[in-house]
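Participant: sequence plus the predicted model coming up.
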Amino acid sequence: MRYTHPNYCYTGRPGGTGLREILSRGLKFLLLVALLMWAGPAWAQEANREVEEGRALFDEKCVVCHTNGGGDHIGPDLAGVVDRRSREWLARFITVPDQVLAEGDPLATELLKKYNGMPMPNLGLSSDDAEDIIQYLAAPPAAAGAAAPPAAREVQPAPEMLFAQSMILYIFLGITLVIVVVFGIVGLSTYEQTDVDVSKAFQLRRVLFTIGLILVASVAIATLPQAPYAKEGTKADRIIYVAARQYEFVFSEEPIVTVEDISRSRRITSLELFGGELVEFRVTSLDVTHGFGIYGPERQLLAQTQAMPGYVNRLLVRMERTGPFLVLCLEYCAGGHHLMEAHFTVDDEEPVASHSTQAPLIAR
Amino acid sequence: MHTTPATTYPGTIGAADAAAPSRDLAVPETQSTIYAWMLTTAALFVILALLGVYMRLVQGGALAGLESWFYPMMTLHGIGMAGLWFVASMACACEALRKHVLASSAVAVFALAGTVVGVVLLLVSVFMGRFAAGWYFLYPLPLQGEWPAWSAVTFLLALTVLGVTWLVWSLDILRAVAVKYSLSHALGWHYLRGETEPAVPPAVIIVTVSMIVNVVALVAAVVVLVLFYLELLTGRPSDALLMKNLTFLFGHTLVNLAMYLAIAVVYDALPDYAGRPWKANKIVAISWNSVLLIVLLAYFHHLYMDFVQPATVQYIGQIASYAASLPAAVVTIFGALLLVYHAPMRWTLASVLFFLGLMGWAIGGIGAVIDSTIVANVRLHNTLWVPAHFHTYMLAGFGIIVGHFYHCGRLQAQGRAERTGYHTVLVTLLVASACGFLAMFYVGGAYSVPRRYSVYPIELAHGATYALWAAVFASVFLLTTVLCLIEVVGSWRKGATGGAEAWVGKSAVAGSLRPSTPNAAIGTSAVSRVDQ
Amino acid sequence: MWISKSVPVSAACLLAVLVAPAGVGAEPPGAVSPTESRLLNRSVPDVPLQLADGRTVSMSSLWQDKPLLVTFFYRNCHGICSPFLGWVRDAVRDDGGSGRDYRILALSFDEEDTAADMRSQADALGLAGDPDWLFAVAEPEALARVTGALDFWYRLDPATGQYDHGALLAAVHEGRVARALLGGSGFVERFRIMARELRGEFIPFYTVPNQTAWRCFSFDPVSGRLYMDWGLLILGVPTLVAMAVTFGLFRRGPRRG
């Protein structure tokens, strides 16, 4: 267990500062000298490359718990962390956080306490990786390309309830009222005690059963065809790949099947859709089961599907509304569940000519 | 005993006659664990409900700094309440069944002990390991959370202990039924053929159906756990879809059964208060046999939003969920209403709670049927609508269980006056606070506020308002429940003067020493009396 | 004693299922590779083409009424072109969907190729006279627009006179790429899935590669159906055990007295 980290097991033997390691260190030193002797632009380019790689690593490994300027998450916001802590400490904590904690490092222990006892896991990063990440965090925000902190969102009062939702609520309240009235009548009837004709009651039961059966069957027949499952002949105007993981949604133009795909694929950082478009979200998960719930501008659910590891769910939504949309995780996925969200906008522009022949699912 | 004309329910038999249950013979000789269960249930309910209040307060933003315990407490509240409801219903059903068939007391004590061990393991896992994978621990979350691996293993072990204990318990009840009845009689199949003899009490039919389904649910739990252990040992991942199916086959069915068992209790006890018999007949037999088939298919509605599940299965889920509501509504609720209609009803705390419990079951059922409609599920799945409808069930179920505890206690205290006025106040408070508490859930659900969020996103900040109000209502409800429980324990203490002060301690001894033949005889005589 | 009989039975049932070999089977090869997905939804330019029979048509006329499968080749290829076209031909034949559901365009990217070369290629494949198989050449500029839109690369190696090039089959539906297949393993299966999608059959899921044990369902590209896998059997275990236990317990019938 002590030698899990690559930096600590060059030779695969405990405690071995083997020849290969000396060589590799020497080589790195030589490379560094050579690099320093290069002209300024090359140096800058190298730094830029480090920032780029650092950003990719940050996006792949760190973003689950940390932001760079977006506020505290599961762990602290890392913007400006380079000014707060020494680089040596940072590099060590990035590469072997478990060891640093086990040694009882006071800073690490304090952080652990502050962030709800959630220890930073050892992510198997090398010291070079750590250097890249530190470079990225040290770079000025513009160079780092950190997303601007989300525009101050204001607490809004409860919106007007959507038609579908209010239908559901009123149907429920209506039937509840009927039940309460019936129970009330029966309860009060006991003040007047008489014989009850059971055969008549059984006749009534037969009638009620028939009515109930017809009601239930017709509701089933009416609602089953409206199920959100894609029908034959459906072709989306746009396909968005969604990979969910603890605790973020990654939108991409390409399928993301493994964590490594995230840095390789063309990630959509700000998703913009057009009104009237039929959009297919291909949703999967990279770790546990998540939910993918689309909240419209009215901040109520329009459509949802689950993000299940090992499967891809295809959710088709006709974008009938325009404005800011919110995506929330609707399947509990541990500590950061409530932080897991994404945003996209639907613009009121002339959409690209739709070539779908049917309108299979309409988010009303 | 009842001189009942074949076609009418008597309206005016003397209430005392009707209310004198013929159990005084059976009870003193076969002491049960019901009082131990009663104390366990009361204590655990109060603690777990407090956790629920804590959760709503956190969501309401009233407990800054204490948010980090939200998810572990949510897990404990969920699994605790589901388990508690199940064991309490089981205990009540066993108690109600004792005059007909006799389950082993040793197994009942074993069930109590196993449950306690499981609960202790759960507490260790949640409080010391901060385990927080939610009550149905959806695969593969237990293996991939922030909690240490040992807490996940402890949690799985706790469930294993509980699952095995309850499986043995269910099997023992089935065995006890089998001693007395053949399978076709126990399931009321002879009613389907048009025969009326031998008369089988509805409670026996319901319990038999429930126990068979229960075995399905618990074996599903065992399979889930085995697959978890296999992954822990071999590292080979399981199919998330299979695990989810198994999880809900177990979880949904178990919670459903708890309600059915509570209904069996009502079938058994409500006639005592209505002064009319509630007998099994062809319709009752048909309805509960169809439940046996349908209830296993209804769980598909938990997977509507998993589009990988074949659409046919989803449609079956909706049809089965609808179908499950018909026998419940038309047979059981109609039957109960008919029983009470113009009856010489003796309204006590117990019968009022039974009656309100049935009403809650009906209302929660409507919420469930709406949610099990696929198009509606798109808007409701994993919003607060889900806790809304099952809390309606749960509160209804607990009403029935508390009512039954009171009923059991009052059996010992024949002739003592009841504090009717005080009880009216209690029931009014209970109903009012429950309505408020549940309404906050339903409105939140209709507004798409997600369930299981410790803090609401700013777009849904209005969810915090509902949460705060719900916390207020829940506190009132909890306080009133505590007062009710004090009444229940009081009723038992008054009744316990007849030399049965130490029910809990005695039950184990009594269970192990009791010869079995006289009990069977008692059971038979009790039944023959009921069926006269 | 009831325990001694029913428990071993149910335990044996459970073990039998759990020990049974996992449903390894072929994973549905439906996943779209990143390179392929990059092409999805791209617009394909409408350019004039000269067909083997000498007619000049606009490309859009070919995808007007049904989807068009576009592939690239050149007549003098000594490498992959002929075998690849052969695979496509066989896959189309097995699928049985050409003509009714789509037509196929094989477009030459060699500027030297002529309509006569197209005829000889059709003959070589035994497709001469098949109205749904179109072989065509295009002007260099038009060709560059099409290959550019579909990211199809080719480069002449002056030493051999042969082209280095890829293998691509793109399904164009009303001017946009609906699905793209790059050659490689599992081509035939993936072709079948694509053909199903072109017919408008919606495959509601595809699995991502992992080594999962005991799936509930798998997708069979040949029949286009979901078929039950071992996982479903496990799902049935609880019910079977419960039935066995119930019948076991009630077998002896009630004891009288």
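Facilitator: Here it is on my side, so go on. Numbering: from 1, shown residues only, chains lettered A, B, ... in the order given.

Participant: how about the residues of the stretch 101-250 of chain A that lie near chain C?
Facilitator: Contact residues (CB under 8 Å from any CB of the partner chain) of the stretch 101-250 of chain A with chain C: A:229-235, A:237-239, A:241. In short, each C-beta sits where N, CA and C put it, glycine included.

Participant: now, which of the residues you listed lie within helices?
Facilitator: Using DSSP state H, the subset of these located in helices is empty.

Participant: chain C: which of those is nearest?
Facilitator: residue A:233 (3.6 Å; CB to the nearest CB).

Participant: hang on, the earlier thing: possible to save the residues of the stretch 101-250 of chain A next to chain C as TSV with distance to residue B:135?
Facilitator: Output for these, formatted as TSV (distance: CB to CB, whole Å):
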residue	distance to residue B:135
A:229	28
A:230	32
A:231	35
A:232	39
A:233	41
A:234	37
A:235	41
A:237	41
A:238	38
A:239	36
A:241	32
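
Participant: next step: those residues restricted to strands.
Facilitator: The members of those that map onto strands under DSSP state E are A:238-239, A:241.

Participant: got any ranges where the chain has weak pLDDT?
Facilitator: Here I'm looking at chain A. A:1-49, A:59-60, A:63-64, A:69-74, A:116-118, A:140-155, A:232-233, A:349-364 (pLDDT under 70).

Participant: that's the other chain; I wanted chain C
Facilitator: Looking at chain C by pLDDT under 70, you get C:1-34, C:183-186, C:200-211, C:219-226, C:256-257.

Participant: same check, this time on the stretch 101-250 of chain B
Facilitator: Using pLDDT under 70, nothing in the stretch 101-250 of chain B is flagged.

Participant: strands of chain C, start to end?
Facilitator: Under DSSP E, chain C gives strands at C:48-51, C:56-58, C:68-73, C:103-108, C:133-137, C:154-157, C:162-165, C:168-173, C:176-182, C:217-220, C:225-228.

Participant: so which of those is nearest chain B?
Facilitator: Short answer: strand C:225-228, nearest of the strands of chain C by CB to the nearest CB, at 5.7 Å.

Participant: nearest to residue A:120, out of the strands of chain C?
Facilitator: Among the strands of chain C, strand C:217-220 comes nearest to residue A:120, with 39.0 Å by CB to CB.

Participant: returning to what we had before: list only buried entries from the residues of the stretch 101-250 of chain A next to chain C.
Facilitator: Buried subset of those (neighbour count, 16 or more other CB atoms under 10 Å in any protein chain shown): A:229-230, A:234-235, A:237-239, A:241.

Participant: could you list which of those residues also contact chain B?
Facilitator: Among these, chain B is touched by A:229-230 when using CB under 8 Å from any CB.

Participant: out of the residues of the stretch 101-250 of chain A next to chain C, which comes closest to residue B:476?
Facilitator: The closest of these to residue B:476 turns out to be residue A:229 (CB to CB; 43.5 Å).

Participant: could you find the closest non-adjacent residue to that closest one?
Facilitator: When the adjacent residues along the chain are set aside, residue A:229 lies closest to residue B:311, with 4.7 Å between them (CB to CB, 6 or more residues apart in numbering or on different chains).

Participant: turn the buried ones among the residues of the stretch 101-250 of chain A next to chain C into TSV, including distance to residue B:376.
Facilitator: What follows is those, written out as TSV (distance: CB to CB, whole Å):
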residue	distance to residue B:376
A:229	15
A:230	19
A:234	22
A:235	27
A:237	27
A:238	27
A:239	27
A:241	28
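
Participant: tell me if stretch B:315-329 is near chain C.
Facilitator: No: Stretch B:315-329 stays clear of chain C (CB under 8 Å from any CB), getting no nearer than 13.5 Å.

Participant: now do the contacts for residue A:137.
Facilitator: A:54, A:58, A:68, A:78-79, A:81-82, A:144 (CB atoms under 8 Å, 6 or more residues apart in numbering or on different chains).

Participant: that one: which element?
Facilitator: Residue A:137 is located in helix A:127-138, with elements delineated by DSSP states H and E.

Participant: list the buried residues for that helix?
Facilitator: Across helix A:127-138, burial judged by 16+ other CB under 10 Å covers A:129-138.

Participant: distance from the chain centre to that helix, please.
Facilitator: Mean-position distance between helix A:127-138 and its chain equals 25 Å (CA atoms, centre = their mean, to the nearest Å).

Participant: go on, stretch A:191-209?
Facilitator: 56 Å.

Participant: how near is residue C:227 to residue C:194?
Facilitator: Taking CB to CB, to the nearest Å as the measure, residue C:227 falls 20 Å from residue C:194.

Participant: now residue A:224
Facilitator: Residue A:224 sits 30 Å away from residue C:194, going by CB to CB.

Participant: mind checking which of the two has more residues around it?
Facilitator: More crowded of residue A:224 and residue C:194, by other CB atoms under 10 Å in any protein chain shown: residue C:194, with 26 against 16.

Participant: hmm, that one is touching residue C:173, no?
Facilitator: No: if you go by CB atoms under 8 Å, residue C:194 and residue C:173 don't touch, sitting 11.0 Å apart.

Participant: just the helices in chain A please.
Facilitator: Using DSSP H, helices in chain A cover A:19-37, A:40-57, A:81-84, A:87-95, A:97-102, A:106-114, A:127-138, A:141-144, A:163-189, A:198-223, A:259-264.

Participant: roughly how far out does stretch B:294-305 sit from the chain middle?
Facilitator: With CA atoms, centre = their mean, you get 19 Å for stretch B:294-305.

Participant: domains of the chain?
Facilitator: All of this is about chain A. A:38-144, A:163-226, A:238-347 (automatic domain parsing).

Participant: that was the other one, I meant chain C.
Facilitator: Taken from automatic domain parsing, chain C resolves into C:2-23+C:229-250, C:34-198.
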